[in-house]
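Engineer: Sequence and computational prediction follow.
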Amino acid sequence: MKLLILNGPNLNLLGKREPEIYGTTTFDAYFVSLQGKYPSIDFEYFQSNVEGELINKLHEVGFSYDGIILNAGAYTHTSIAIGDAIKGITSPVIEVHISNVHSRESFRHTSYIAPYAAGVIAGFGMKSYDLAVESFL
Ligand code: DQA
């Protein structure tokens, strides 16, 4: 099974960024543990702070991979273009968030991705990604 984990803006700062919200684990350290936990899954990881690069990646893998786990960061709440990209590809996309976006500012309650996602997982810390992986098993 081939899965892409796609992280959007500011998620390269995990471990340093607002640790009271996002924790102290870097994504690289977490990704190593995830690969160890699911040795049968072929994971790819890509992160970008650039909206168009996230869209290009969705187009590149979105007709061949078994699934995409997407944390689009703040683009979740603003990007019609990422929503359209998900609508246009065939691989199922799970929207994930580390924090519980629904318990935060009201602008985080809107998602342009959720209408086209196979599911949404939010609020379980880094475990949100594990739960998304589990959904593909
Ligand atoms: C986030 C929540 C978003 O609102 C925020 O802009 C992020 C991270 C999360 O994982 O909790 O960058 O997607």
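Structural biologist: In hand now; what should we look at?
Engineer: And the strands in this protein, which stretches?
Structural biologist: Counting by DSSP state E, the chain has strands at residues 2-7, 42-47, 67-71, 93-97, 119-122.
Engineer: And residue 65, how close does it get to residue 16?
Structural biologist: The spacing between residue 65 and residue 16, counted by Cβ to Cβ, to the nearest Å, is 29 Å. Placement of C-beta: from N, CA and C, glycine included.
Engineer: Looking at these two, which one has more neighbours?
Structural biologist: residue 65 (18 against 10; other Cβ atoms under 10 Å).
Engineer: Give the bridge partners for the residue nearest to residue 120 when sequence neighbours are not counted, please.
Structural biologist: Across the structure, with Cβ to Cβ, 6 or more residues apart in numbering as the measure, the residue nearest residue 120 apart from its sequence neighbours is residue 95 (4.5 Å). The residues paired with residue 95 through beta bridges, assigned by DSSP bridges, are residue 70, residue 120.
Engineer: pretty sure residue 95 contacts residue 115?
Structural biologist: No. With contact defined as Cβ atoms under 8 Å, residue 95 does not reach residue 115; the gap is 10.0 Å.
Engineer: Compare these two (neighbour count), which wins?
Structural biologist: When neighbours are counted by other Cβ under 10 Å, residue 95 comes out ahead of the other of residue 95 and residue 115, with 26 against 10.
Engineer: Give me the distance between the more buried one and the ligand.
Structural biologist: When distance is defined by Cβ to the nearest ligand atom, to the nearest Å, residue 95 is 9 Å away from the ligand.
Engineer: same thing with residue 114?
Structural biologist: As for residue 114, its distance to the ligand is 12 Å (criterion: Cβ to the nearest ligand atom).
Engineer: Could I get the contacting residues of that residue?
Structural biologist: For residue 114, the contact set (Cβ atoms under 8 Å, 6 or more residues apart in numbering) comprises 95, 120.
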